[in-house]
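Undergrad: Take this sequence and fold it.
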Amino acid sequence: MTGAKSPLESSAVAEATPAPPRWRTVLGATLIVLAALAVYYNSFAVPFLMDDASSIEENRTIRHLWPIWNVLSPSPSSFTGGRPVVNLSLAVNHALSGNRVWGYHAFNLGAHILAGLALFGIVRRTLLRPGLRERFDASAAWVALAIALIWTVHPLHTEAVTYISERCESLAGMFYLLTLYAFLRGAESQKSTAWFVLSVAACFLGMGSKEVMVTAPAMVLIYDTIFISGSLREAWARHRYLYLGLASSWLFLRHLMAGLDNRGAGYGLGVGWWSYALVECQGIVHYLRLALWPHPLVFDYGEYVPAQHLAAIAPCALILAALAGGVLFALKRCRMVGFLGIWFLGILAPTSSVVPILGSPVAEHRMYLPLASVVALIVVGAVVLGRRLSPQPRRRMVLGCAAGAFLVGLLGLVTIQRNRDYKSVLSIWQDTVEKCPNNARALYNLGVVLIQQGRLEDGLQQYERALKIKPDYAEVHYNMGAALAQAGRVAEAIQHYRQALRIRPDFADARSNLGIALAGLGRLQEAIDEYEQALRTDPDHAEAHYNLALALMQKGEVRAAISHYEQALQIKPDFAEAHNNLGNAMLRAGMIQDAIGQYEQALRINPRYAEAHNNLGLALIQLGGRQEAIRHWRSALRINPDYADAHFNLGVALEQEGSMQDAISEYEQAVRLKPDFAQAETNLARARAAQ
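TA: Numbering: from 1, shown residues only. Take a look at the predicted model:
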């Protein structure tokens, strides 16, 4: 009795790909893995860059793997918004290695290796399909290996692999290729259901990784039409249930994209489709050039800038028109070449056509999947040309292997060298500014790094260069204000904060920092007004709650301050400073036990928090725990030997214990470190007299 056929199972099984010698497949897979490890071995120490701060360091949703729903629901305003699979992968990395970068890089490379293996399988099996088998039967495995190796080590992929946050591109690329590979295996299998289910699952996972996956269902259908079924009607008849499953992933993607507001993509942003398309003509031709000659590679090309000279665009437009025409022609004469053209143009279409993406109109990671078609066309073309030029198979094999090994080695060396540009945050931004001196965002980021390294004037110079290019760059004004405030130039800082707010009235960080600057000048009520305005803009701004609480404490409004400290900690539970200052407020309100709990929590977060040790000592002494208090004051002084208040408090406790000489020594230290410390001078004089 024959069982009923599964709805996902093909009604007519395509001719299966002949099984090659197993050693060829194993050898090919091994070489791909080793090549990837060889060219990316020096990427494992690359630090967090640009969006890694919001994706990893500031991403609260990856701190815990449970409840899983929180991990799968990243904030729509974050870089991982609408990309739950990427967020889950980051959460797994965080659980295994915290913020140590090597684990994140290992995951990125693993995804890239799996993508290379899937590409190897797809190409090998495609070349053994009827119509191609006759020409490639003996060399299919080697041609597929050459394509996969070149693609895997190509330096154009460094951004997608080495830059941690761009794992969304490599992860989506891996799932894209697995979707096609699983379909191909299912189409050739007598029992296709498991493979087709895997194909649909990979498609859904890809949709949860990045929006570029949107073309995958259509690409599988085109592949089926050209290589498997022979016609669109036959493809639908054989595999319609599979396509319904793949198409349902579009609904999933639509759900994920609902509410996203941080992509800077789409219409209504002040840029027309035609103007953006002109810029993308240059971008796509630039991608093609980098595929053939990967230099110079640029980490960040900057934001959208309208095309200035139509004469410079015309040749690029003609090249693309010729490419599109060639694809249409090839679909009639050589369908494999036509498919490669569709792969290239179709995958780039969502990001590099007429839909504006203002933040990054040009980005090298977008060539992650399209590069496969360029490499495949070159390698297959070289094989066909070699057969025409040399009738001797052995000679062709030797020359082909030598040429392939040379090219893989050369591209691998370029990739290793490119990864060295990523060795530090400073080096990658210096490299970017050198290659794109008119990139305001790169100048801004270089300025941030320089100031973090204590090179204030150098950093401010980069900010000023950025403002000459983009005067309405609110983030630059904000960071200039922060740098100037840190240098004590508060009046100048306030001017820049206000300028940032004129450009972006909803800039909560700028309002919070403006409040800090005003509070430092004694303009406490103005500072409170700014903090409150920041919280009206962003009620979940932990720092604004914290700063408002500090100001309220200065005004003596202790209960209100406690409320805002608690709100800050609800938003940011690992905010050690907020725990410490909430303890101070509770201590002032007579809530001694609660204050002790807050100080202890601050120390669990940061055991080297000298101020929390000191304050915990003050709380403990009120409950009679003098010895424990002394222990915490000594801990504070081990961390910060120049902490005058801790010396004084320790001196008081030692004097009460009768250790007068030790108390005098602590008072002397307090006076030396803080010459205007009147109470320490008084206690020192009394202790000396008593001695």
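
Undergrad: can you pull the contacts of residue 467?
TA: Residues near residue 467 by Cβ atoms under 8 Å, 6 or more residues apart in numbering: 440, 473, 476-477. Backbone N, C-alpha and C define where each C-beta goes, glycine included.

Undergrad: Find the helix or strand that the residue lying closest to residue 224 once chain neighbours are set aside is a member of.
TA: Leaving aside its chain neighbours, residue 224 sits nearest to residue 235 (4.1 Å; criterion: Cβ to Cβ, 6 or more residues apart in numbering). Element membership of residue 235, judged by DSSP states H and E, is helix 232-257.

Undergrad: Could you list every helix and strand in contact with that helix?
TA: With contacts taken as 3 or more Cβ pairs under 8 Å, 6 or more residues apart in numbering; DSSP states H and E, helix 232-257 sits against helix 167-187, helix 193-207, helix 216-223.

Undergrad: Out of these, which gets nearest to residue 421?
TA: Closest to residue 421 of the helices and strands packed on helix 232-257 is helix 167-187 (Cβ to Cβ; 18.5 Å).

Undergrad: In PDB, list the C-alpha atoms belonging to the closest one.
TA: Taking C-alpha atoms only, helix 167-187 is exported to PDB below (Å, rounded to 0.1, in the frame of the first residue of the first chain):
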ATOM      1  CA  ARG A 167      26.800  39.800  10.700                       C
ATOM      2  CA  CYS A 168      23.200  40.600   9.700                       C
ATOM      3  CA  GLU A 169      24.400  40.600   6.100                       C
ATOM      4  CA  SER A 170      26.500  37.400   6.300                       C
ATOM      5  CA  LEU A 171      23.900  35.600   8.400                       C
ATOM      6  CA  ALA A 172      21.100  36.500   5.900                       C
ATOM      7  CA  GLY A 173      23.500  35.500   3.100                       C
ATOM      8  CA  MET A 174      24.100  32.200   4.700                       C
ATOM      9  CA  PHE A 175      20.300  31.500   5.100                       C
ATOM     10  CA  TYR A 176      19.700  32.700   1.500                       C
ATOM     11  CA  LEU A 177      22.200  30.200   0.100                       C
ATOM     12  CA  LEU A 178      20.900  27.500   2.400                       C
ATOM     13  CA  THR A 179      17.300  28.200   1.200                       C
ATOM     14  CA  LEU A 180      18.400  27.600  -2.400                       C
ATOM     15  CA  TYR A 181      20.700  24.600  -1.500                       C
ATOM     16  CA  ALA A 182      17.900  22.800   0.500                       C
ATOM     17  CA  PHE A 183      15.500  23.400  -2.400                       C
ATOM     18  CA  LEU A 184      18.000  21.900  -4.900                       C
ATOM     19  CA  ARG A 185      18.500  18.900  -2.700                       C
ATOM     20  CA  GLY A 186      14.800  18.400  -2.300                       C
ATOM     21  CA  ALA A 187      14.100  18.700  -6.000                       C
END
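
Undergrad: any idea of the mean pLDDT for that helix?
TA: The average pLDDT within helix 167-187 is 97.

Undergrad: for that helix, which positions count as buried?
TA: Judged by neighbour count using 16 or more other Cβ atoms under 10 Å, the buried positions of helix 167-187 are 167-187.

Undergrad: so how far is it from its chain's centroid?
TA: 21 Å (Cα atoms, centre = their mean, to the nearest Å).

Undergrad: likewise stretch 102-122?
TA: With Cα atoms, centre = their mean, you get 17 Å for stretch 102-122.

Undergrad: do the same with stretch 672-690
TA: Distance of stretch 672-690 from its chain centroid, counting by Cα atoms, centre = their mean, is 54 Å.

Undergrad: So for residue 391, what's the pLDDT?
TA: In this prediction, residue 391 carries a pLDDT score of 73.

Undergrad: quick check, it in a helix?
TA: No - counting by DSSP: H, G, I helix; E, B strand; the rest coil, one finds residue 391 to be coil, located in no helix.

Undergrad: Tell me how many other residues crowd it.
TA: 8 (other Cβ atoms under 10 Å).

Undergrad: and the residue nearest to the spatial centre of the chain, what does it touch?
TA: By Cα atoms, centre = their mean, the chain has its centre lying nearest to residue 165, at 1.9 Å. By Cβ under 8 Å, 6+ apart, residue 165 lies in contact with 49-52, 55-56, 79.

Undergrad: can you list the domain ranges for the chain.
TA: Residue ranges for the domains of the chain, per automatic domain parsing: 263-378, 641-691.

Undergrad: do you know which of the ones you listed lies nearest residue 246?
TA: Closest to residue 246 of the domains of the chain, according to Cβ to Cβ: domain 263-378, at 14.9 Å.

Undergrad: State the mean pLDDT of the closest one.
TA: Mean pLDDT, domain 263-378: 90.

Undergrad: Which ones among the contacts of residue 165 map onto helices?
TA: Members of the contacts of residue 165 lying in helices (criterion: DSSP state H): residue 52.

Undergrad: CSV for the contacts of residue 165, including distance to residue 250?
TA: Formatted as CSV, the contacts of residue 165 follow (distance: Cβ to Cβ, whole Å):
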residue, distance to residue 250
49, 32
50, 30
51, 26
52, 30
55, 25
56, 29
79, 23
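
Undergrad: circling back to that earlier point, give me phi/psi at the residue nearest to the centre of the chain?
TA: Phi and psi for residue 165, reported as degrees, to the nearest 10, are phi -60, psi -20.

Undergrad: How about residue 58?
TA: Dihedral angles of residue 58 (phi, psi; degrees, to the nearest 10) stand at phi -110, psi 10.

Undergrad: By mean pLDDT, point me to the weakest helix or strand of the chain.
TA: Within the chain, no helix or strand scores below helix 133-136, which has a mean of 86 by mean pLDDT, DSSP states H and E.

Undergrad: So which bits of that helix are buried?
TA: The neighbour-count check on helix 133-136 (16+ other Cβ under 10 Å) flags 133, 136 as buried.

Undergrad: elements contacting that helix?
TA: Secondary elements touching helix 133-136 (3+ Cβ pairs under 8 Å, 6+ apart): none.

Undergrad: Just the CA trace of that helix, in CSV.
TA: What follows is helix 133-136, C-alpha atoms only, in CSV (Å, rounded to 0.1, in the frame of the first residue of the first chain):
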residue,chain,number,x,y,z
ARG,A,133,26.6,18.0,-17.1
GLU,A,134,27.8,17.2,-20.6
ARG,A,135,30.2,20.2,-20.5
PHE,A,136,31.3,20.1,-16.8
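
Undergrad: I'd like the next helix or strand past that helix.
TA: Following helix 133-136 in sequence order, the next helix or strand is helix 140-153 (DSSP H and E).

Undergrad: As TSV, the contacts of residue 467 with distance to residue 656, secondary structure and pLDDT would be great.
TA: Listed next are the contacts of residue 467 as TSV, based on distance: Cβ to Cβ, whole Å; DSSP: H, G, I helix; E, B strand; the rest coil; pLDDT from 0 to 100:
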residue	distance to residue 656	secondary structure	pLDDT
440	61	helix	97
473	58	coil	97
476	55	helix	98
477	53	helix	98
